[in-house]
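S.K.: quick one: sequence and predicted model below, then my questions.
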2 protein chains.
Amino acid sequence: MPAFPLPPGSTIGVLGGGQLGRMLVLAAARLGFRTAVMTPEDDSGAAQVATRAIQAPYDDAAALAALAGLADVVTFEFENVPADVVASLEALGATVAPNARSLAVAQDRVDEKTFLNACRAPTVAFAVCETAGEVLAALDQLGAPALLKTRRQGYDGKGQTWVESHADAADAFARVGDQPSILEAGADFVRELSVIAARGRDGDITTYPLGENHHEAGILRRTLAPARLPPQVEQRAQVIAARILTSLDYVGVMGVELFELADGRLLVNEIAPRVHNSGHWTLDGCEVDQFEQHVRAIAGWPLGPVTPLAQVEMENLIGDDIDRWPELIGEDDARLWLYGKAEARPGRKMGHVNRLRPLERS
Amino acid sequence: MPAFPLPPGSTIGVLGGGQLGRMLVLAAARLGFRTAVMTPEDDSGAAQVATRAIQAPYDDAAALAALAGLADVVTFEFENVPADVVASLEALGATVAPNARSLAVAQDRVDEKTFLNACRAPTVAFAVCETAGEVLAALDQLGAPALLKTRRQGYDGKGQTWVESHADAADAFARVGDQPSILEAGADFVRELSVIAARGRDGDITTYPLGENHHEAGILRRTLAPARLPPQVEQRAQVIAARILTSLDYVGVMGVELFELADGRLLVNEIAPRVHNSGHWTLDGCEVDQFEQHVRAIAGWPLGPVTPLAQVEMENLIGDDIDRWPELIGEDDARLWLYGKAEARPGRKMGHVNRLRPLERS
């Protein structure tokens, strides 16, 4: 275990080469850290800016040893890091943050919801479904339509399907690949919100003002932040986030996706044990953004202020949205973040834009 | 000549591996550019974050060819880039910005002041001194004390000395190394200010709000920005900067150091054809910082807005100031920028801190 706080010049290791890794690396560099990115990807966006890049599959023992040797602390930019990769790194003496338990909880939707409810972070009702018959039985309990999701994997709306009726149960189970799944009751929500929370090694917790999220085709399209909210809803979200982070003895930034119900109650949709797309508005809207906050947390530095400086509309640039760059660079209030990806495949996040206007004082 | 605006994914070349190069690289990465840094330095702060690093002396022909091959546009982070390096790059087909003329003018204090006065950017009176005798003669004209500086090289107060009296003339000439010099009349200024200006490939010019600079031992210690100024002084600075940039057909960011006289007149002290230490406050104080602005300009992108978002006090961390890091990371309103330098030699700029408070509305 290294001595915390890590001094400038220490190396932050990152598993994963995507945009979240890239922006973590940029934040770490501002604070004087060196970085080492490990990813199987060639010429990844994160490797383009990292001090050191290790290109290898995540289970490559020599590569993991190299990463453990370079890095004073290792973090990750996606929640599907195999558990034994973290175990290998820890066996090699590396400090990994967030911890293995947080990763495990976030990797299995049943474990996740069970954990959330146990720490008084409410979710929709749900049932475990190992067979099509169990989907049918669960529908009796939860009502239709309900959302069927694989227990593991899946992101941006992949690995999930609506079960419209009892008649649709068997088909739906086939649509998610006949694998262990979870059936979630439909939530009658008015808005999707998220709270980006951070917990330091000293147990200190900060939460950014909430963002209001708009999805298209299962992918986050826009976040508006700070969201206009009654103070008690904002506070409720902070309490929920704090319960989750404290229960997990979490270190780092976490994205907590929420459903806001008509009566102001909040349900947790899911948690992401990492920096989160819906927190990209903080890059231009806050004194300290979520990437710096994550680096501060895992490096054992005090967390920074989460004061908002502007009203931000974050728009994801997905697939060939990136072709709009000639117009976007001329938009006066559009702050552009591009991810260094060469190929603009459909559904691929290529960058985002933060559009700023003066803060609304509540 | 590449087609401008450069598309994301193009490569920005940077001559020089110091902190200005590092922060240029970080800004370029945000906008989706790749970067190639060339510097003789090992493990330089800029190379730590660049996509490609070429470690070689600036006159290494093979290295220059490699840089020209990689980069769609080449810029520099210090004004003493040898003129024939730029000529070599241009002969290899590279586009260099700012242009060779701007570099030449900034490299020779006599040429610089002659140019400035010719484009109605007023300076102190000055005289060329090739010998100690000429220093003596110039003192008659300019009065003592006057400031003797070498025509070329010198930064952070190096290569300059005050001539206190006629009796000191010969000694002073020896102190600057018996070389071609310039004698500058003392300026009876009330403040040192600077304006960070940018000019795009389309001729568009932006100027950030002025900064008020405080030096210690010849090195910039603090910048306060936006400086409190009568609007007509601010406007005068903008006019002066615009004259300089337009006259040079300049592309990129320039730092223009100014003396503010008691009657509100401004004299230009010197110009730096690059991003400038006194513009570091823009990193946390403006929508678009000087590094992004420079990248936008040289890439042929429209310039971004220079709107200030906060009142900033920028403090340089020099030499063992860096040992204060454990205290600085806990300062709530201190945004920290560290440069990745391993060794904290006296006088070496190791990082800076931007301290933010709400903007003063004038």
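M.R.: The structure has been received and is ready for your questions.
S.K.: excluding its backbone neighbours, what's nearest the residue in the stretch 201-350 of chain A positioned nearest to chain B?
M.R.: Relative to chain B, the nearest point of the stretch 201-350 of chain A is residue A:338 (2.6 Å; C-beta to the nearest C-beta). For every residue, glycine as well, the C-beta is placed using N, CA and C. Take residue A:338 and drop its neighbours on the chain: the residue closest to it by C-beta to C-beta, 6 or more residues apart in numbering or on different chains is residue B:32, 2.6 Å away.
S.K.: what of residue A:248?
M.R.: Nearest non-adjacent residue to residue A:248, counting by C-beta to C-beta, 6+ apart: residue A:102, 4.6 Å away.
S.K.: from residue B:350, how far off is the one you found?
M.R.: Distance of residue A:102 to residue B:350, computed by C-beta to C-beta, to the nearest Å: 35 Å.
S.K.: before we move on, back to that, and the residue of the stretch 201-350 of chain A closest to chain B, what does it touch?
M.R.: A:317, A:322, A:325, A:350, A:351, B:8, B:30, B:31, B:32 (C-beta atoms under 8 Å, 6 or more residues apart in numbering or on different chains).
S.K.: what's the top helix by length along chain A packed up against?
M.R.: Using DSSP state H to define each element, chain A has its longest helix at helix A:231-247. Where contact means 3 or more C-beta pairs under 8 Å, 6 or more residues apart in numbering or on different chains; DSSP states H and E, helix A:231-247 is packed against helix A:109-118, strand A:189-199, strand A:205-207, strand A:252-261, strand A:266-272.
S.K.: kindly recompute the last result at 7 Å.
M.R.: strand A:189-199, strand A:205-207, strand A:252-261, strand A:266-272 (3 or more C-beta pairs under 7 Å, 6 or more residues apart in numbering or on different chains; DSSP states H and E).
S.K.: for the third one, buried residues please.
M.R.: Counting neighbours by 16 or more other C-beta atoms under 10 Å in any protein chain shown, one finds that the buried residues in strand A:252-261 are A:252, A:253, A:254, A:255, A:256, A:257, A:258, A:259, A:260.
S.K.: of all the residues you listed, which two lie farthest apart?
M.R.: A:252 and A:260 (25.1 Å; C-beta to C-beta).
S.K.: quick check: residue A:62 is in a strand.
M.R.: No - secondary structure assignment (DSSP: H, G, I helix; E, B strand; the rest coil) places residue A:62 in helix, not in a strand.
S.K.: what distance separates stretch A:64-75 from the centre of its chain?
M.R.: Its chain's average C-alpha position is 22 Å from that of stretch A:64-75, according to C-alpha atoms, centre = their mean, to the nearest Å.
S.K.: how about the residue of the stretch 201-350 of chain A closest to chain B, phi and psi?
M.R.: Dihedral pair for residue A:338: phi -120, psi 150, per degrees, to the nearest 10.
S.K.: and the average pLDDT for stretch A:307-316 is what?
M.R.: In this model, stretch A:307-316 has an average pLDDT of 95.
S.K.: anything in that stretch near chain B?
M.R.: Yes - legend: contact between stretch A:307-316 and chain B by C-beta under 7 Å from any C-beta of the partner chain is shown at A:309, A:310.
S.K.: quick check: buried residues in that stretch?
M.R.: Result for stretch A:307-316 [16+ other C-beta under 10 Å]: buried residues A:307, A:308, A:309, A:310, A:311, A:312, A:313, A:314, A:315, A:316.
S.K.: can I get those in TSV including distance to residue B:232?
M.R.: Shown next, in TSV, are the buried residues of stretch A:307-316 (distance: C-beta to C-beta, whole Å):
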residue	distance to residue B:232
A:307	34
A:308	34
A:309	29
A:310	30
A:311	33
A:312	35
A:313	37
A:314	39
A:315	40
A:316	45
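S.K.: what's the domain layout of chain A?
M.R.: With domains defined by automatic domain parsing, chain A comprises A:11-96, A:125-185, A:189-357.
S.K.: of all those domains, which lies closest to residue B:158?
M.R.: Residue B:158 sits nearest to domain A:11-96 of all the domains of chain A, at 25.6 Å, using C-beta to C-beta.
S.K.: next, the distance between the ends of that closest one.
M.R.: End-to-end distance for domain A:11-96, by C-alpha to C-alpha, to the nearest Å: 13 Å.
S.K.: write down the beta-bridge partners of residue A:197, one by one.
M.R.: Residues in a beta bridge with residue A:197, per DSSP bridges, are residue A:207, residue A:254.
S.K.: can you pull the pLDDT of it?
M.R.: pLDDT, residue A:197: 98.
S.K.: what's the spacing between it and residue A:274?
M.R.: Relative to residue A:274, and taking C-beta to C-beta, residue A:197 is found at 12 Å.
S.K.: now residue A:11
M.R.: Residue A:11 is 19 Å from residue A:274, by C-beta to C-beta.
S.K.: of the two, which one has the most company?
M.R.: Neighbours were counted for residue A:11 and for residue A:274 using other C-beta atoms under 10 Å in any protein chain shown; residue A:274 has more, 26 against 20.
S.K.: thought the more buried one was touching residue A:19?
M.R.: No - checked against C-beta atoms under 7 Å, the pair residue A:274 and residue A:19 is beyond contact range at 11.7 Å.
S.K.: what does chain A put close to chain B?
M.R.: Neighbours of chain B within chain A, by C-beta under 7 Å from any C-beta: A:5, A:7-9, A:26, A:29-32, A:34, A:48-49, A:51, A:287, A:301-302, A:305, A:309-310, A:325-326, A:329-330, A:332-333, A:335-340, A:342, A:351, A:356.
S.K.: what's whatever residue of the stretch 51-200 of chain A ends up closest to chain B in contact with, if anything?
M.R.: The nearest approach of the stretch 51-200 of chain A to chain B comes at residue A:51, 4.6 Å away (C-beta to the nearest C-beta). With contact set as C-beta atoms under 7 Å, 6 or more residues apart in numbering or on different chains, residue A:51 has these partners: A:34, A:35, A:36, B:48.
S.K.: redo that, cut-off 10 Å
M.R.: A:11-12, A:25, A:28-29, A:33-37, A:70, B:43, B:47-50, B:53, B:340 (C-beta atoms under 10 Å, 6 or more residues apart in numbering or on different chains).
S.K.: got JSON lines for the buried residues of strand A:252-261, with distance to residue B:215 and pLDDT too?
M.R.: As requested, the buried residues of strand A:252-261 are exported to JSON lines (distance: C-beta to C-beta, whole Å; pLDDT from 0 to 100):
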{"residue": "A:252", "distance to residue B:215": "41", "pLDDT": "98"}
{"residue": "A:253", "distance to residue B:215": "39", "pLDDT": "98"}
{"residue": "A:254", "distance to residue B:215": "45", "pLDDT": "98"}
{"residue": "A:255", "distance to residue B:215": "45", "pLDDT": "98"}
{"residue": "A:256", "distance to residue B:215": "48", "pLDDT": "98"}
{"residue": "A:257", "distance to residue B:215": "51", "pLDDT": "98"}
{"residue": "A:258", "distance to residue B:215": "51", "pLDDT": "98"}
{"residue": "A:259", "distance to residue B:215": "56", "pLDDT": "98"}
{"residue": "A:260", "distance to residue B:215": "54", "pLDDT": "97"}
